[in-house]
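A.B. asks: Pasted the sequence and its predicted model underneath.
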Amino acid sequence: RKRRLPALSRTAAMLWLCHSLSTTTSSDAALNVAVITGTTRTSGPPRPIVGPRVASFITKALERRGNQVTVVDPRHVDFGLLEKPYFAYAKSQVPEGSMRELYDIFEQADAYVTVTPEYNHAPSPALLNILNHYGSSTFGFKPSAIVSYSQGQWGGTRAAQALRPILSELGCIPVSAMIHIPMAHQVLKEDGTIVVEEDDEEERWNGYVDRCFSQLEWWGNAAKQHRAHVDPYEQSPAFTKLPAQRNAPN
């Protein structure tokens, strides 16, 4: 006769998880969010630099919802183009500076938000360079959200779509809702606040952003609660040597 204990234990585990999430307090629900930006521009005219405006807008929106935010700005990162990723070093040999500091930020984060402009229908090379310095052992089993922007009418949507498989491969699965900001230089002031031309404009933008971040917080809190009791890498260990570790056993 088949034993049903494993099935019962799985059910009990799910009931416990649902109960723990339902009894989460507002302070427990706050997430530690790493916002990774993509612009490296330092000069303005003829077009204004809008990346910092978008980053400020996103940071304020996350903080308004009670989250703690750390912004990772590629202009302040001291490693160059990818030569050797973090996971290729022995822990004692990881270079001092940004590589070690960013690992600590990413490892401690509960969720990630990527903020990208669009270059040639693709995400920011600077953003990708930061992501590629780390792997699923750093980002895995946590959710992410995608924010894109442009000074044109499309809001960087093609760059956003290109980021989805990249974030999935890193193990920080992106939530379904995304944030696209077209004509960002007209939508946002330099301090990241909304340019209000209609009475309900700020309310509509906040509602649009909140839809995405409510999904991020839902998954972020679920993963945070579960990680506290179950090591996700126990049955799905991170790759530690070669890409061939992905290969089927044929």
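C.D. replies: Sure, I can see it.
A.B. asks: Please give the element, helix or strand, for residue 148.
C.D. replies: strand 144-149 (DSSP states H and E).
A.B. asks: So which bits of the helix or strand following that strand are buried?
C.D. replies: Scanning forward in sequence from strand 144-149 by DSSP H and E, the next helix or strand is helix 157-169. By neighbour count on 16 or more other Cβ atoms under 10 Å, the buried set for helix 157-169 is 157-160, 162-163, 166-167. (Glycine included, C-beta is placed from N, CA and C.)
A.B. asks: ok, now stretch 194-212?
C.D. replies: 205, 209, 212.
A.B. asks: least trustworthy helix or strand in this structure by mean pLDDT?
C.D. replies: Across the helices and strands of the chain, mean confidence by mean pLDDT, DSSP states H and E is lowest for helix 5-22: a mean of 50.
A.B. asks: hmm, back to that, and which of the buried residues of helix 157-169 is nearest residue 195?
C.D. replies: Residue 195 lies nearest to residue 157 out of the buried residues of helix 157-169, by Cβ to Cβ, at 21.1 Å.
A.B. asks: For the closest one, which non-adjacent residue is closest in space?
C.D. replies: residue 180 (5.3 Å; Cβ to Cβ, 6 or more residues apart in numbering).
A.B. asks: which SS state does the one you found fall under?
C.D. replies: strand (DSSP: H, G, I helix; E, B strand; the rest coil).
A.B. asks: Need the per-residue pLDDT for it.
C.D. replies: Listed pLDDT for residue 180 reads 98.
A.B. asks: try residue 4
C.D. replies: For residue 4, the predicted pLDDT is 42.
A.B. asks: Ok, residue 239 next?
C.D. replies: 72.
A.B. asks: Now that it has come up, it's in contact with residue 136, right?
C.D. replies: Yes: the criterion here is Cβ atoms under 8 Å, and residue 239 meets it with residue 136 at 7.0 Å.
A.B. asks: got the contact list for residue 131?
C.D. replies: 36, 114, 139, 166-167, 170 (Cβ atoms under 8 Å, 6 or more residues apart in numbering).
A.B. asks: Show me the strands in this structure, by range?
C.D. replies: 32-37, 68-72, 111-116, 144-149, 179-181 (DSSP state E).
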